[in-house]
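Student: have a look at this fold, sequence not included:
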């Protein structure tokens, strides 16, 4: 019974993950763009360029917050990882010296 319940939970998590895969990818792209915008903002010396980077950063930030429901997919991915890790039993790797 326990294995069947875990199977059903894993199946639900996979469906949730696949349903949120597109928004998760878009959220990752937005986070990367925010990182690039921050780096360019730090490099820029003129006030006009800094204001331009702030405006672009706010636009990308609003796009990222619009896809904040992609966090549900991230939670499903973490659940699947923990489930898989516990099911297979993590084996420690030892190195001989």
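Tutor: Arrived safely, thanks for sending. Just so it is clear, the model here is predicted, and its values are computed rather than measured.
Student: what ranges does the protein have for its helices?
Tutor: 2-19, 21-43, 47-66, 71-88 (DSSP state H).
Student: I'd like those helices laid out as TSV, including mean pLDDT.
Tutor: Putting the helices of the chain into TSV (pLDDT from 0 to 100) gives the following:
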stretch	mean pLDDT
helix 2-19	88
helix 21-43	94
helix 47-66	94
helix 71-88	87
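Student: okay, those helices in a markdown table with mean neighbour count next?
Tutor: Heads up, the C-betas are built off the backbone N, CA and C, glycines and all. Output for the helices of the chain, formatted as a markdown table (neighbours: other C-beta atoms under 10 Å):
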| stretch | mean neighbour count |
| --- | --- |
| helix 2-19 | 12 |
| helix 21-43 | 14 |
| helix 47-66 | 13 |
| helix 71-88 | 14 |
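Student: and the gap between residue 45 and residue 21?
Tutor: 40 Å (C-beta to C-beta, to the nearest Å).
Student: could you do residue 46 as well?
Tutor: 40 Å.
Student: do residue 6 as well
Tutor: In terms of C-beta to C-beta, residue 6 sits 22 Å off from residue 21.
Student: and if you look at residue 54?
Tutor: Taking C-beta to C-beta, one finds residue 54 at 31 Å from residue 21.
Student: what do you get for residue 67?
Tutor: 12 Å.
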